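Student: Here is a sequence together with a model predicted from it:
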Amino acid sequence: MPTDELILHKGNGLRRIVFRADSADDGGNAYGVAFVHEVLSRNRVTKGFAPMPRIEIYSSPLCPFCWQARWLLRRKGVEVHKIPIRMYLGVKLPTRAFREMVERSGGDTTVPQIFVDGVYLGTEEHLARLEAAGQLDGILSGQRPVPTPKH
Ligand SMILES: N[C@@H](CCC(=O)N[C@@H](CS)C(=O)NCC(=O)O)C(=O)O
């Protein structure tokens with residue numbers, strides 16, 4: 001079921017407003033979260049809040065690198081959208097999600113692959129490197145642009 005979602009935050013994610021609507025809920029979701037957001041911000045209800053980046057991670061079960069990345073993201077308190085990649089005995093099935101991941105990452109067939117607001121951040125190694133450099137919090141809160149992954 002496609003979900004329409006917008007998360008606003010203030011103070012580095014400590015205060016949040018979450019707008020979420022399942023499209024099938026009301027037989028059409030006539031207004032959508034963007035409309036509700038617009039009405040609230042026109043009335044200054046959301047003053048000082050900024051949209052939180054959407055974080056996507058392509059990940060497989062039984063993948064220690066994926067666990068590592070997801071633990072780090074969970075520790076940061078961010079909402080993560082997991083896109084499952086099926087893998088059996090180390091072999092990935094050529095599902096739509098897999099083909100999409102390879103295309104979006106510029107040809108990387110390994111998991112995990114991480115995206116922030118649709119921009120490619122990289123693998124768990126890039127994530128750990130950004131954390132070590134003290135840049136991850138800024139990126140995850142939308143205050144710092146996502147750097148191009150360096151290999
Ligand atoms: N990001 C790491 C690798 C991560 C990794 O090896 N992931 C495993 C799953 S835990 C994987 O995708 N293996 C299958 C493959 O290499 O195609 C790297 O680039 O060296």
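Tutor: Now that the structure is in, tell me what you want to look at. Numbering: from 1, shown residues only.
Student: interface residues of this protein facing the ligand?
Tutor: Counting by C-beta under 6 Å from any ligand atom, the residues of the chain lying close to the ligand are 63-65, 90, 109-111, 123-125. Where C-beta positions appear, they are placed from N, C-alpha and C, glycine not excepted.
Student: Helix, strand or coil: sort out residue 20 for me.
Tutor: The local conformation at residue 20, judged by DSSP: H, G, I helix; E, B strand; the rest coil, is strand.
Student: Can you tell me the closest non-neighbouring residue to it?
Tutor: residue 5 (4.8 Å; C-beta to C-beta, 6 or more residues apart in numbering).
Student: which residues touch that neighbour?
Tutor: 18-21, 33, 54 (C-beta atoms under 8 Å, 6 or more residues apart in numbering).
Student: Measure how far stretch 98-112 is from the centre of its chain, please.
Tutor: On the basis of C-alpha atoms, centre = their mean, to the nearest Å, stretch 98-112 sits 15 Å off its chain's mean C-alpha point.
Student: And the residue most central in space within the chain, its phi and psi?
Tutor: Note on the chain: the residue nearest the mean C-alpha position is residue 55, at 1.0 Å, using C-alpha atoms, centre = their mean. Note on residue 55: its backbone torsions stand at phi -110, psi 120 [degrees, to the nearest 10].
Student: May I have the phi/psi pair for the residue nearest to it when sequence neighbours are not counted?
Tutor: Nearest residue to residue 55, sequence neighbours excluded (C-beta to C-beta, 6+ apart): residue 80, at 5.1 Å. With angles defined as degrees, to the nearest 10, residue 80 shows backbone torsions of phi -120, psi 130.
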